[in-house]
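Visitor: Using only what follows, build the 3D model:
(4 chains)
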4 protein chains.
Amino acid sequence: MFETGQFAVLWKKMAERLGLAIDFVPGDWRRGVDPAIVESKLREDRRRAIRAVAVVHNETSTGVTSRIPLIRQAIDRADHDALLLVDTISSLGSIEYRHAAWGVDVTVSCSQKGFMLPPGLGFNAVSDKAIAAAKEGGMPRSYWDWEEMLKNNANGFFPYTPSTNLLYGLRESLAMLREEGLPNVFARHARHAEATRQAVRAWGLEILCAMPEEHSNVLTAVMMPGGRGADAFRATVLSRFDMSLGAGLGKLADKVFRIGHLGDFNDLTLMGTLAGVEMGLATAGVVHTQGGTQKAMQYLAGARPPATEHARDSKGHDRAALPPVLAEAR
Amino acid sequence: MFETGQFAVLWKKMAERLGLAIDFVPGDWRRGVDPAIVESKLREDRRRAIRAVAVVHNETSTGVTSRIPLIRQAIDRADHDALLLVDTISSLGSIEYRHAAWGVDVTVSCSQKGFMLPPGLGFNAVSDKAIAAAKEGGMPRSYWDWEEMLKNNANGFFPYTPSTNLLYGLRESLAMLREEGLPNVFARHARHAEATRQAVRAWGLEILCAMPEEHSNVLTAVMMPGGRGADAFRATVLSRFDMSLGAGLGKLADKVFRIGHLGDFNDLTLMGTLAGVEMGLATAGVVHTQGGTQKAMQYLAGARPPATEHARDSKGHDRAALPPVLAEAR
Amino acid sequence: MFETGQFAVLWKKMAERLGLAIDFVPGDWRRGVDPAIVESKLREDRRRAIRAVAVVHNETSTGVTSRIPLIRQAIDRADHDALLLVDTISSLGSIEYRHAAWGVDVTVSCSQKGFMLPPGLGFNAVSDKAIAAAKEGGMPRSYWDWEEMLKNNANGFFPYTPSTNLLYGLRESLAMLREEGLPNVFARHARHAEATRQAVRAWGLEILCAMPEEHSNVLTAVMMPGGRGADAFRATVLSRFDMSLGAGLGKLADKVFRIGHLGDFNDLTLMGTLAGVEMGLATAGVVHTQGGTQKAMQYLAGARPPATEHARDSKGHDRAALPPVLAEAR
Amino acid sequence: MFETGQFAVLWKKMAERLGLAIDFVPGDWRRGVDPAIVESKLREDRRRAIRAVAVVHNETSTGVTSRIPLIRQAIDRADHDALLLVDTISSLGSIEYRHAAWGVDVTVSCSQKGFMLPPGLGFNAVSDKAIAAAKEGGMPRSYWDWEEMLKNNANGFFPYTPSTNLLYGLRESLAMLREEGLPNVFARHARHAEATRQAVRAWGLEILCAMPEEHSNVLTAVMMPGGRGADAFRATVLSRFDMSLGAGLGKLADKVFRIGHLGDFNDLTLMGTLAGVEMGLATAGVVHTQGGTQKAMQYLAGARPPATEHARDSKGHDRAALPPVLAEAR
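Guide: Okay, the predicted model is just below:
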């Protein structure tokens, strides 16, 4: 496992509680998993003691996206049979991700990020290799066992009482994603992330993520300048502008704030968000250069959005099907 | 009646259809009702042929707010017994308005603006003088007659099938307005209107309303520069940024666009709105100076908002009653 | 106009207020419009003073349905050019009705009955003859004039601020009615009405409607036996069983109660309704014979329902599209 | 553990998967846990090998309610230190249950039954003794560990992303239960259960629960007569009457159907339910005696309901606060 941020730390903590032996590669929380370290660790593992490589695809605590295809290649180059486990909690449905094509063995995800639903559903995609591993080994488990779910997949039943309302919601989420088209969804998140980064740099602030090729498209963590507390700044933004910025977690507590830009989000919600940050910086007296919001506007106005971005209105209805009158009332 | 804009014109048209004789004071759609003209018209009316002075408080088509207290004073100075009728469709609940204190005889309003509800409810506040006038005269009428409503006011019944769902909604609207406090609600709208005007001026565009003391706090109409069509610009903003700007109506068709800033609206929704306009200007190639959004941000960040503005969250729940966890989830 | 019940009386009152001269054929509120009287009235009208025959299709206050085709035939037999105006407030979408095929000139309806929506929309269907009559005559009017609506029908606009949310609702209502199929919808209402009448008769109570061929399929008015007050009985049912029965209106006040069985209604909601009445009769000590609910059950269990009745579940989703699990959770 | 039905079987299966050694007392699925057996089992356990007595309070698969206070007394009489674990999934909030007063160590419950919410929340109430046991022993665990939750209880945080929408729902559920008053809620369920049993007996069918003092107040399982399949009967009821009866589970598969009567449920929803069963019996040609629904009506009309039962309307609003008009529209 790799210390890429708070959710990697929590995953490791969970594994330790379950009694697993973890080789936790330390990190500075500013970059993703280094494929070269994956490869060397696995090459050194002559006795095949390593059973799995566990990677958080998008670290929600840091805004860093690890490059899963490169990690897969690293494992393959080392010719190691370890399983590849990937946490896609905050990436699935927002950033490109391919369970099968990228050779992932276990993908873990959820309803409350890219699927735009309340929390409550967890998803697993599992390879045949992972299923075989689960059958032959593992610790005592019941609810977390895949067997019951897999058995019922054939007939569509749930082995337990399902979150019915969230399943209805998921049906709609998937329809929305399909209608916009996944490539358009990913391009939209990329545009908003780039606009956000241009704003942060224009303010003269530093983005936590140190690796340009690992910038997250779903959130941007910003380092608080001048040794000031990020939480006091966040409190100012919440009370003055009714906007809740993400807190710094774990060892980043009070050191960063996080700007989310994922899910049901468009250019103008991003501009409201960035304006809230810039006005918050002014209100809280944080040293910065004005103009980040302006910079983001220039970028967004200049960069052509994906063709189908606005074909559905915010109520999920096809625009073309509505009479024009609805936009013209007094 | 006074030609202050499209809704004044429609009101006059309605009156004509009903067979009333109208003295329609012409106007350029850039200013409100001139109290001096009210006074002189009434002074000239020796035979008391004028039965009512009809004023649109806030002209939704122009962003001009007529000054009702001055008009009342003008009527009083002329010592005329004409009724004062006021259309508050787009002002009630957003801009200060006082039916009784300002000596208005008939106030007309609705559910879909300051009350933040779907369209469907109409309101009348009526003075004793208006009720007496309705009793002794008027043309044949049934649904529009106040008598049945007034009779049932005592017991809370409706003489007709009521819009039950909107009445439930109204109960909540009134609770929300009371919770924020009307003076705070009015101050909030004033702040957003001032920020909008600063943005428009920074873009080098002209505000339709020619009288500083008559600027509307609920919407700002902007003149399209350089002889370009406003509707093509509005279409660009709608398709690129999913935002529907108000159209120019009547003789302003294609000449202005209107920015709404009323109802359930806060600093960041305003910033999203202004950014949408500024990016639209750039995208559509309209000649303007960048920086209006920036200017509005400076104003909003500097001007202290009303103390209680954000005490309720966007779900209508009292913030203090919620455990802090809800803002901190991954 | 014909005194078939309270809504006919209110329509006449409205017409009188508007200054129209009304020949109001008296009635006992237990039967619909008699086509023979229509014919004789029109034959007597040598000078063609009668401009319109106005009929309430389904009298919501009495549970009597007038037979529009017979009335049309009566007008035609008299060779009279009077317009045929029909109020279909509580029948459209629940009982068979054909504006064009039945030669109706003006049909009036609304959103809150067969369309299963909140109150707030009114509908008019108008014949060319009615449009021509409106153009050449009529009293001063504005909102009620068809001209503005007809002009805008071509482009889909509304001349006034539309009840947007109800229009979205209407789109769904129409989809639901089309999915079930209008013949099935009508047959469903007929079944429920027949079951209700069998229950009422089994209780030994009298149905207000005196003409078997005029029984309403959307509601059944029941005469309160033994000189007891119907309103006290209704209050008992409301407080004990949380069910609001319709009140007797106008001259039926306190003399009848009304059982509604229209709209989004199925066999079991009907059974709950009838059980509420039967238990209410027992609780309130009203003389009756037990067994009406039982009788209705026998009828419903025996009579085959329309084939497609239950193809959509109560959430409007196609049953076949749902995995079976949703009905099987613990 | 005790074989009281399917959920006891599943609980035992879960325990076995987790590697626990289970003494599973066999049962016929028609009665609850026998306190005498609890006592004798524990008395025989000289070496204190038994660490916990696990009881399903209300067996959702059978409609049998075990008597927790008698089981507590049995444990106490045996002077055994085993923990008492109780599954209250389908009883909490509907049938009287007292975690502390009855000396329960671990109570397990959920959102989707008596709390009238969608599935998604699980609750644990734990005694100090249980917390101490969890600290000193147990198998490897992470999510299921109480430690993180207990630590955060002090400040109101959740250690994981909470089901925010269900927490809002729970706040309203608790308000509803408090408003009606728990004793009234329990009495309401008891009335509906008694009415259901009278109906079943009048049909000449047999209630699965063999012990009168263990009849469940939240559901009634009915044995399918004459060797017929219960599932075909359930399918008939679903397709003809749009009502989904509970299936027989585990060894009761196809042998019983289950009538639920819990949660947001009143006399008339019960009558619709029972009528659906009786009409289904007739439609499916199941041998039975007519009149069960009638019998239930006699019981409900005769038995005085709790005083405050209907103080809140179905929208959760206090009745007294609404103008009377809302029930009187056309």
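
Visitor: what does the stretch 51-200 of chain A put close to chain B?
Guide: A:60, A:89-90, A:112, A:119 (CB under 8 Å from any CB of the partner chain). Quick note: C-beta positions are derived from backbone N, CA and C, even for glycine.

Visitor: which two from the residues you listed end up farthest apart in space?
Guide: Farthest apart among those by CB to CB are A:Thr60 and A:Pro119. That separation is 13.1 Å.

Visitor: Of the residues of the stretch 51-200 of chain A next to chain B, which is the nearest to D:Leu274?
Guide: For those, the nearest to D:Leu274 is A:Pro119 (38.3 Å; CB to CB).

Visitor: Let me know the secondary structure of the nearest residue to that closest one once chain neighbours are set aside.
Guide: The shortest distance from A:Pro119 to any non-neighbouring residue, by CB to CB, 6 or more residues apart in numbering or on different chains, is to A:Gln112 (4.1 Å). At A:Gln112 the chain is in coil, as set by DSSP: H, G, I helix; E, B strand; the rest coil.

Visitor: How about A:Ala199: what's its closest non-neighbour residue?
Guide: Nearest non-adjacent residue to A:Ala199 (CB to CB, 6+ apart): A:Gly292, at 3.5 Å.

Visitor: What of A:Asp264?
Guide: Setting aside the residues directly before and after it, A:Asp264 is nearest to A:Met116 in space (CB to CB, 6+ apart), at 4.8 Å.

Visitor: Could you tell me whether that neighbour really is in a strand?
Guide: No. Counting by three-state DSSP, A:Met116 is not part of a strand but coil.

Visitor: could you give the mean pLDDT of the lengthiest helix in chain A?
Guide: Ordering each helix of chain A by length in residues (DSSP state H) puts helix A:182-202 first. Helix A:182-202 shows a mean pLDDT of 98.

Visitor: what does the helix or strand just after that helix contact?
Guide: Sequence order places strand A:206-207 as the next helix or strand after helix A:182-202, per DSSP states H and E. Applying CB atoms under 8 Å, 6 or more residues apart in numbering or on different chains, the contact partners of strand A:206-207 are A:63, A:197, A:200-201, A:215, A:220-223, A:225.

Visitor: among those, which ones are buried?
Guide: The neighbour count (16 or more other CB atoms under 10 Å in any protein chain shown) marks A:63, A:197, A:200, A:215, A:220-223, A:225 as buried among the contacts of strand A:206-207.

Visitor: So for A:Gly227, what pLDDT did the model give?
Guide: Predicted confidence (pLDDT) for A:Gly227: 87.

Visitor: Check A:Gly302 too.
Guide: 88.

Visitor: what's the nearest residue to it if we skip its chain neighbours?
Guide: Looking at A:Gly302 with CB to CB, 6+ apart, the closest residue is B:Ala282, at 7.6 Å.

Visitor: Now for that neighbour: which residues touch it?
Guide: A:297-298, A:301-302, B:288, B:290.

Visitor: how far does the helix or strand where A:Leu10 lies sit from the chain's center?
Guide: Using DSSP H and E, the element containing A:Leu10 is helix A:6-17. With CA atoms, centre = their mean, to the nearest Å as the basis, helix A:6-17 stands 17 Å off its chain's centre.

Visitor: Over to stretch A:243-258?
Guide: Stretch A:243-258 has its average C-alpha position 16 Å from the chain's average C-alpha position, going by CA atoms, centre = their mean.

Visitor: And chain D, is it touching that?
Guide: No. Contact of stretch A:243-258 with chain D (CB under 8 Å from any CB) is absent, the minimum separation being 11.7 Å.

Visitor: do that stretch and chain B meet at all?
Guide: Yes. Stretch A:243-258 comes into contact with chain B (CB under 8 Å from any CB), by way of A:243-244, A:247.

Visitor: who wins for neighbours among the residues you listed?
Guide: Neighbour counts for these (other CB atoms under 10 Å in any protein chain shown) peak at A:Met243, which has 21 neighbours.

Visitor: And A:Thr60 and A:Pro119? Which one has more around it.
Guide: Counted by other CB under 10 Å, A:Thr60 and A:Pro119 do not tie: A:Thr60 has more neighbours, with 25 against 22.

Visitor: Do you know the pLDDT at the more buried one?
Guide: For A:Thr60, the predicted pLDDT is 97.

Visitor: Quick check: the gap between it and D:Phe186.
Guide: A:Thr60 sits at a distance of 44 Å from D:Phe186 (criterion: CB to CB, to the nearest Å).

Visitor: and if you look at A:Met176?
Guide: A:Met176 is 44 Å from D:Phe186, by CB to CB.

Visitor: and if you look at A:Val86?
Guide: Taking CB to CB, one finds A:Val86 at 49 Å from D:Phe186.

Visitor: ok, those two, which is more surrounded?
Guide: More neighbours surround A:Val86 than the other of A:Val86 and D:Phe186, with 27 against 17 (other CB under 10 Å).

Visitor: Just confirm that one is within a strand.
Guide: Yes. Counting by three-state DSSP, one finds A:Val86 located in a strand.

Visitor: doesn't A:Asn58 make contact with it?
Guide: No. Between A:Val86 and A:Asn58 there is no contact under CB atoms under 8 Å: 9.9 Å.

Visitor: and A:Glu96, how many neighbours?
Guide: Quick note: A:Glu96 (other CB under 10 Å) scores 17 neighbours.

Visitor: Please, where are all the helices along chain A?
Guide: Secondary structure of chain A (DSSP H): helices located at A:6-17, A:35-44, A:68-77, A:128-136, A:147-153, A:164-180, A:182-202, A:230-241, A:267-283, A:292-302.

Visitor: which residues touch the first one?
Guide: For helix A:6-17, the external contacting residues (CB under 8 Å, 6+ apart) are A:1-3, A:22, A:24, A:27, A:54, A:56, A:59-62, A:87, A:89, A:249-250, A:252, B:330, D:140-143, D:145.

Visitor: near chain C, which residues of the stretch 101-250 of chain A?
Guide: A:152, A:155-158, A:161-162, A:164, A:167-168.

Visitor: Distance of A:Tyr299 relative to A:His189?
Guide: With distances taken as CB to CB, A:Tyr299 is found 14 Å from A:His189.

Visitor: same question but for A:Asn266, I mixed them up
Guide: 11 Å.

Visitor: The two: who's more crowded?
Guide: Neighbour totals were compared for A:Asn266 and A:His189, and A:His189 leads with 24 against 18 (other CB under 10 Å).

Visitor: how about the nearest residue to that one, chain neighbours excluded?
Guide: Excluding the flanking residues, the one nearest A:His189 by CB to CB, 6+ apart is A:Asn217, at 4.2 Å.

Visitor: Looking at the stretch 151-300 of chain A, which residue is nearest chain C?
Guide: A:Gly156 (3.6 Å; CB to the nearest CB).

Visitor: What ranges in chain A fall below the confidence cut-off?
Guide: Residues of chain A meeting the criterion pLDDT under 70: A:303-330.

Visitor: Show me the residue at the heart of it, geometrically.
Guide: For chain A, the residue nearest the mean C-alpha position is A:Ser90 (2.5 Å; CA atoms, centre = their mean).

Visitor: was I right about that one contacting A:His261?
Guide: No. In this structure A:Ser90 lies outside contact range of A:His261 using CB under 8 Å: 11.4 Å.

Visitor: Now list whatever residues contact both of those two.
Guide: A:218-219.

Visitor: and the stretch 51-200 of chain A, which residues reach chain D?
Guide: Contact residues, the stretch 51-200 of chain A versus chain D (CB under 8 Å from any CB): A:110, A:112, A:118-120, A:139-143, A:145, A:161-166.

Visitor: Count the neighbours of A:Glu148 for me.
Guide: A:Glu148 has 16 neighbouring residues, counting by other CB under 10 Å.

Visitor: Kindly report the same for A:Gly120.
Guide: A:Gly120, neighbours per other CB under 10 Å, totals 23.
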